[in-house]
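[1] next comes the sequence, and after it the predicted model I'd like to discuss.
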Amino acid sequence: MNVVPVNEAVSTETADDSRIDGNLTQLEYLALNSDFNLSDGHARQELTPGQGKMVGELPRLWAEAVVRPVEEIERESHRAFFHLLGQHSYPGADGRVLACYSSSVAMEIFARALVTEADAIALVHPTFDNIPDILRGVGLRLVPLEEDVLHGGDVPAELLGSVGAIFVTTPNNPTGRVLSRERLVRLAEQCAEHGVVLALDTCFRGFDEAGQYDHYEVLEASGCRWVVIEDTGKLWPTLELKIGWLVRSANVGLPLAKVYSDILLGVSPLVMLMVKRLSEDAADGGLRDLHEFIATNRALVRANLHDVPGLTFVDPDSRVSVERIHLGDRSAMDVWAALREHNVYLLPCGRFHWADPSEGDRMLRIALSRSPASVDVATRALRSVLMGD
Ligand SMILES: Cc1ncc(COP(=O)(O)O)c(C=O)c1O
């Protein structure tokens with residue numbers, strides 16, 4: 001069997017019967033034009049009536065964005081979003097919240113700032129592979145921090161002594177695991193003791209109330225050096241109009257603002273007003289409806305696949321907008337390729353296991369922020385492939 005580099009596969013569109021060797025985003029590109037794209041974790045479901053109303057108001061929001069001071073709009077936007085998600089102690093008043101075009105841009109800024117003082121970082125394993133790719137891209141050495149170790153108790157002192165920062169995705173993508181308040185308290189204490197920067201990616205916190213306790217209260221009380229990356233991009237179907245917020249402690253000591261200024265001037269005030277309006281709608285019941293929507297799609301996936309021999313649902317308690325399945329002894333790439341014949345796209349999990357891709361070789365991830373009809377068709381197709389129909 002040929003192994004085709006994914007860029008070639010994308011450009012030639014001739015790789016239907018071949019294995020694709022690419023990172024997760026490259027695999028996600030292949031799905032972008034399919035009606036049954038359950039590959040990337042971006043929100044692609046229909047707008048709710050409340051969100052549709054905001055879209056109808058865009059000309060008014062545009063006019064408002066033109067005339068009002070950006071700083072004022074920005075403050076209102078992050079206030080609405082952070083309070084929606086329980087982050088009442090976030091440092092919004094003193095310029096410690098930087099708005100970026102996306103969370104990956106925030107991540108790049110963090111990585112470039114960190115590498116000015118550190119050569120190694122501990123990173124949760126598994127997690128979405130653009131995080132290790134960005135960190136490696138600036139020359140940092142990565143040390144895996146297994147989820148079970150992270151959630152099980154204190155992080156080994158030896159590990160803390162060998163790195164300049166610890167990076168945790170919570171809730172994690174793809175596992176949905178959330179760092180409890182109790183664990184965050186202790187991790188922040190340990191980071192303070194060792195002078196290690198604690199970095200959190202909370203892009204998926206909107207989906208799980210367990211991730212909505214006030215993280216900033218804990219971080220500020222700990223005295224550790226910290227950075228948090230927040231994201232509006234996974235929650236609402238806004239056609240890639242989103243904000244990644246890079247938030248920092250007063251004592252972080254990294255040149256984040258300088259690197260930010262090397263890259264961008266700021267995010268569109270129109271997008272900030274959209275985020276403010278969407279946050280208000282979410283606070284007014286939209287977030288509860290979103291949780292129900294995701295739970296319904298998850299239940300649909302499980303109902304369509306529950307009796308497939310050898311298949312298991314890996315994350316029974318997950319609330320995030322993706323669902324992992326274990327395929328027993330089948331290869332995820334084989335099943336991915338067979339589904340592609342039906343124009344259905346899921347995501348093989350190998351690359352999430354950035355330190356040992358073989359651990360994910362028999363798992364697929366299904367995106368749930370999709371219309372129930374496409375979740376239904378895609379998982380029925382998966383069922384037929386797995387049953388050999
Ligand atoms: C946990 C996590 N952080 C960051 C990102 C990057 O998001 P974006 O592509 O919007 O920059 C992703 C993408 O899916 C993600 O899963």
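    Happy to help now that I have it.
[2] interface residues of the stretch 51-200 of the chain facing the ligand?
    102-104, 128, 130, 169, 173 (C-beta under 6 Å from any ligand atom). For every residue, glycine as well, the C-beta is placed using N, CA and C.
[3] swap the cut-off to 8 Å and go again
    By C-beta under 8 Å from any ligand atom, the residues of the stretch 51-200 of the chain that approach the ligand are 102-107, 127-128, 130-131, 169, 172-173.
[4] top of these by neighbour count?
    residue 106 (28 neighbours; other C-beta atoms under 10 Å).
[5] just after the host helix or strand of it, pick out the following helix or strand.
    In this structure, residue 106 sits in helix 103-114 according to DSSP states H and E. The helix or strand immediately downstream of helix 103-114 is strand 120-125, counting by DSSP H and E.
[6] what helices and strands are in contact with that following strand?
    Packing partners of strand 120-125 (3 or more C-beta pairs under 8 Å, 6 or more residues apart in numbering; DSSP states H and E): helix 130-137, strand 141-146, helix 147-152, strand 165-169.
[7] given it, what are its sheet partners and their directions?
    With DSSP bridges as the test, strand 120-125 is paired with strand 141-146 (parallel), strand 165-169 (parallel).
[8] rewinding a little: CA atoms of the helix holding residue 106 as PDB?
    C-alpha atoms of helix 103-114 as PDB (Å, rounded to 0.1, in the frame of the first residue of the first chain):
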ATOM      1  CA  SER A 103      -6.100  30.000  19.800                       C
ATOM      2  CA  SER A 104      -3.300  28.700  17.600                       C
ATOM      3  CA  VAL A 105      -2.000  32.200  17.200                       C
ATOM      4  CA  ALA A 106      -2.100  32.600  21.000                       C
ATOM      5  CA  MET A 107      -0.200  29.400  21.300                       C
ATOM      6  CA  GLU A 108       2.400  30.500  18.800                       C
ATOM      7  CA  ILE A 109       2.900  33.700  20.800                       C
ATOM      8  CA  PHE A 110       3.200  31.800  24.100                       C
ATOM      9  CA  ALA A 111       5.700  29.400  22.500                       C
ATOM     10  CA  ARG A 112       7.900  32.100  21.000                       C
ATOM     11  CA  ALA A 113       7.900  34.000  24.400                       C
ATOM     12  CA  LEU A 114       8.700  30.900  26.400                       C
END
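[9] helices and strands around it, which ones?
    Using 3+ C-beta pairs under 8 Å, 6+ apart: helix 103-114 touches strand 97-100, helix 130-137, strand 197-201, strand 226-231, strand 244-248, helix 256-263.
[10] so what touches it?
    Applying C-beta atoms under 8 Å, 6 or more residues apart in numbering, the contact partners of helix 103-114 are 98, 100, 121, 130-131, 134-135, 137-138, 140, 164-165, 197, 199, 201, 203, 227, 229-231, 233, 244-246, 254-256, 258-260, 262-264.
[11] residues touching stretch 49-66, excluding its own?
    Taking C-beta under 8 Å, 6+ apart as the rule, stretch 49-66 contacts 47, 73, 236-237, 268-270, 272-274, 277-278, 281, 284-286.
[12] between those residues, which is nearest residue 343?
    Taking C-beta to C-beta as the measure, residue 343 sits nearest to residue 237 out of those, at 20.8 Å.
[13] who's in contact with residue 248?
    By C-beta under 8 Å, 6+ apart, the neighbours of residue 248 are 96, 98, 226-228, 254, 256.
[14] and for the chain, the residue most distant from the center?
    residue 389 (34.6 Å; C-alpha atoms, centre = their mean).
[15] quick check: that one vs residue 381, distance?
    10 Å (C-beta to C-beta, to the nearest Å).
[16] do the same with residue 362
    19 Å.
[17] now for the contacts of residue 248, which pair is the farthest apart?
    Checking the contacts of residue 248 with C-beta to C-beta, the most distant pair is 98 and 226, at 14.2 Å.
[18] among the two, which residue is more densely surrounded?
    When neighbours are counted by other C-beta under 10 Å, residue 226 comes out ahead of the other of residue 98 and residue 226, with 26 against 23.
[19] assess the claim that that one and residue 199 are in contact.
    Yes - Residue 226 is in contact with residue 199 according to C-beta atoms under 8 Å; the separation is 7.1 Å.
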